[in-house]
Structure formats: C-alpha cells, structure tokens
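Asker: Any chance you can model this:
(one chain, ligands or ions: 1)
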Amino acid sequence: MSDYRLIYVSKRDESLNLQEILDIIESSEMHNKEDHLTGMLLYSKNAFMQVLEGDLLQINQTYQRICKDPRHSDIILLSFQMIEHRMFSDWLMKLYDVLQMKMDDRIFDLSEQSPYYPFPINSDSAFEILMMAKYVSQGNV
Ligand SMILES: Cc1cc2nc3c(=O)[nH]c(=O)nc-3n(C[C@H](O)[C@H](O)[C@H](O)COP(=O)(O)O)c2cc1C
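Answerer: Down below sits the predicted model:
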C-alpha cells in the first residue's frame with residue numbers, strides 16, 4: 001500500500017506557550033505511533049506548519065481531528081499526495097522552531113503582514129522548508 005504526505009499551515013493560538021506545544025507533541029507521538037504516522041511540526045511565534053506521512057485513511061482521520069483543535073485556526077491544506085517513500089520517517093512527530101533557521105526570502109514569506117509568518121502558502125516552498133528543517137534537526141548542516 002502506498003504512503004501519502006499531507007502538509008498544512010495554520011495560525012497558532014496566541015496564548016499557546018511552549019509547554020503547551022510540547023504537550024501536543026507528547027499526545028501526537030502516542031497517537032502517531034498507533035497509527036504508523038510520522039512527521040514534523042514547525043512553529044513560529046504565530047503559525048504552525050506540519051507534515052504527516054503514512055496511510056491515506058490514518059492521515060485523513062488525524063487531519064480531521066487536528067482541524068477541529070482550538071489550539072490553532074485558519075488551517076490551509078497545502079498538499080496531500082501519494083509518495084514513493086517517506087522523507088520524515090525518523091520521527092513520530094519532531095518539533096522544530098523555524099525561527100532558528102536561516103531564512104531565505106526565495107522560499108519563506110518574510111513580509112511582516114503575513115498571518116502565517118514566515119511560512120509561505122505554497123506547497124513546493126513548504127516541502128523545501130520541511131526538508132531544510134529535517135537536515136538541520138539531524139545535525140547535517
Ligand atoms: C498544531 C497541532 C498539531 C497536531 N498534531 C497531531 C498529530 O500529529 N497527531 C495527533 O494524533 N494529534 C495531533 N494534534 C492533536 C489533535 O488535534 C488532537 O488533540 C489529538 O489527536 C486528540 O488526542 P486526545 O483525544 O488523546 O487528546 C495536533 C494538534 C495541533 C494543534
């Protein structure tokens with residue numbers, strides 16, 4: 001059975017602190033292990049970008065739950081597609097602070113007005129950012 005990859009961006013609830021984000025990761029890891037899902041969650045001061053990889057129906061079910069979660073809002077689905085192989089299989093859900101990354105305005109949306117700053121509403125750039133975050137997290141850069 002083929003795997004799928006889903007990527008979305010959302011607005012982070014302004015009152016959500018780092019400990020509360022870590023709580024999301026803890027419960028996500030538990031669920032994702034059961035559902036054989038893997039991925040990454042990037043965050044900035046006001047937004048999230050997440051990638052989920054795994055079975056089509058498991059991703060879809062999880063995404064439906066995530067969409068109803070009041071800890072973020074205005075979720076925009078950037079891509080949901082069949083993949084040859086997983087690129088984020090190392091983690092049940094890896095958290096990464098995107099503001100730690102060197103940002104390039106060819107990929108990131110660096111306009112201060114962007115409600116999803118610094119995430120672009122563009123699936124190719126989103127994937128590029130996630131891949132950069134993956135390599136940084138693995139200590140390859
Ligand atoms: C930004 C964000 C990312 C999330 N990622 C996941 C995830 O990868 N997997 C998951 O099961 N739940 C994830 N959640 C949590 C779900 O929305 C939901 O709260 C949870 O799956 C329900 O688990 P519970 O009933 O055990 O609390 C995420 C929530 C937010 C706000």
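
Asker: going forward, measure contacts between C-alpha atoms and count neighbours the same way
Answerer: Will do.

Asker: Show me the longest strand that occurs in the chain.
Answerer: As far as residue count goes, and with DSSP state E defining each element, the longest strand of the chain is strand 72-83.

Asker: Could you list the buried residues of the following helix or strand past it?
Answerer: Following strand 72-83 in sequence order, the next helix or strand is strand 94-97 (DSSP states H and E). Neighbour counts over strand 94-97 (16 or more other C-alpha atoms under 10 Å) mark K94, L95, Y96 as buried.

Asker: how about those in CSV, adding distance to the ligand?
Answerer: Below are the buried residues of strand 94-97 laid out as CSV (distance: C-alpha to the nearest ligand atom, whole Å):
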residue, distance to the ligand
K94, 9
L95, 10
Y96, 12
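
Asker: With pLDDT as extra columns, can I get the residues you listed in CSV?
Answerer: Listed next are the buried residues of strand 94-97 as CSV, based on pLDDT from 0 to 100:
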residue, pLDDT
K94, 97
L95, 97
Y96, 97
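
Asker: And the helix or strand harbouring N60, how far out from the chain middle?
Answerer: Here N60 sits within helix 56-67, counting by DSSP H and E. Mean-position distance between helix 56-67 and its chain equals 13 Å (C-alpha atoms, centre = their mean, to the nearest Å).

Asker: circling back to that earlier point, wondering if the longest strand of the chain reaches the ligand at all.
Answerer: Yes - shown here: strand 72-83 in contact with the ligand (C-alpha under 6 Å from any ligand atom) through H72.
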